[in-house]
Each structure stands twice: as C-alpha cells, then as structure tokens.
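Asker: here is my input, please return the structure:
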Amino acid sequence: MSEASAALLPVALEAAGIAHDLMRTRVPGLLTLKGDRDMASEVDYAVERAVREHLRERTPDIAILGEEEGISGDAEAELMWAIDPVDGTANFVRGIPLCGFSLGLIERGRSVAGVIDLPFLGTRYHAAQGQGAHVDGDRIRASEITNLKEAIISLGDYAVGDGAEDKNRLRLALTERLAAGV
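Answerer: Prediction:
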C-alpha cells in the first residue's frame, strides 16, 4: 500500500470540501472558451486557486497540476496532485447538476488516491490504494455481473475536435449494438 495515499487522503477530502462550498455558493461568472465545447468559468479558476492554496499549505513539497493553471512545483517529483476544478463546466454553467470536482494523487506516474465530489447531487466518492473505494463513506465495489445482457453500460460525452467523427462513429455503433441486445 502506498503510504502517501493513506496519509494524504484526508488532505484531498478537505480540498473537496473547499471546492464543494465554492461550487454551491458562486455563479459561473465570465467564461473563457478553450476549444470546441470546452470552457472555463470564473468558478473553475476560483476553485483551482483555493484548492492549490490549501494543498500548498498542507503539502508544500508536492507538485500540483491543475487544468486551468498548469503545473507548479517539480514536474518530475515522486508525488503530484492533479486537479480538475469543475469537471463538467458546460453542465455547471447551464445549471445541470451533473458536474463536480476531481482531485487525484499521482505517485511515480500511478494514481494512488482520488476524490470526486458532486456538490449538486450531494455525493462524494473517494479511494486510496489499499483502502478501497467509497461513496459517502460507504465501501463500494464493482458489480459481479458477467453477462453483458444483464449489465448496464453507460457511455460518456461524445468526442469533439480532431478525429471526433471517427471516434463518434465507433461510439454510435457500440450504442446501437447494446440497444439491440447484441
């Protein structure tokens, strides 16, 4: 078990609390367009800055990679935090509750801990190497269903940008096969 994942999970959970509060109490504000259907709101930047400050205070020797402000600290360090301050900004700015905060801890290139907070659904997931995964404090596990016809499968958003047409063609074909029960 990674000692870092066990010791630093409480720091990650505190960071998720900070993000949760900011996302629930602020309006998106001005938007910065980053690409096709990709944007950042004022809240994205506020959350990332607040979480970076928290992480720097609690873990000053760990590098931080944020979606909006890039990397700070030693990019070659053994440990690095990775932040997506508002995962699902397009939903957030439209008032759709399917958005959240994501924070991961990477040790020598491997994910060893993470937190996903969905503030508008009141749900928080967290996991750490050797400690399992939890939702709202309760242990969770993968389904034991092995028959595809009995499984529920969900595909995320469709691709955008370069190569999107080919990627979406494959996703649509899979969706059609699943809908047909194949």
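Asker: please, where are all the strands along the chain?
Answerer: Here the chain has its strands, by DSSP state E, at 31-35, 38-41, 63-66, 70-72, 79-87, 100-107, 110-118, 123-128, 132-135, 138-140.
Asker: elements contacting the third one?
Answerer: Meaning strand 63-66. helix 42-58, strand 70-72, strand 79-87 (3 or more C-beta pairs under 8 Å, 6 or more residues apart in numbering; DSSP states H and E). Heads up, the C-betas are built off the backbone N, CA and C, glycines and all.
Asker: run the angle between the longest one and strand 31-35 for me.
Answerer: I take that to be helix 42-58. Relative orientation of helix 42-58 versus strand 31-35 (axes from the mean of the first three to the mean of the last three C-alpha atoms, to 10 degrees): 90 degrees.
Asker: now helix 42-58: average pLDDT?
Answerer: The average of the pLDDT scores along helix 42-58 is 97.
Asker: buried residues in it?
Answerer: By neighbour count on 16 or more other C-beta atoms under 10 Å, the buried set for helix 42-58 is 43-48, 50-52, 54-55.
Asker: for this structure, give me the ranges with low pLDDT.
Answerer: 1-2, 36-37, 154-158, 160, 178-179, 181-182 (pLDDT under 70).
Asker: so which residue is smack in the middle of it?
Answerer: In the chain, the residue lying closest to the centroid (C-alpha atoms, centre = their mean) is S102, at 3.0 Å.
Asker: that one - nearest residue in space that isn't next to it in sequence?
Answerer: D84 (4.1 Å; C-beta to C-beta, 6 or more residues apart in numbering).
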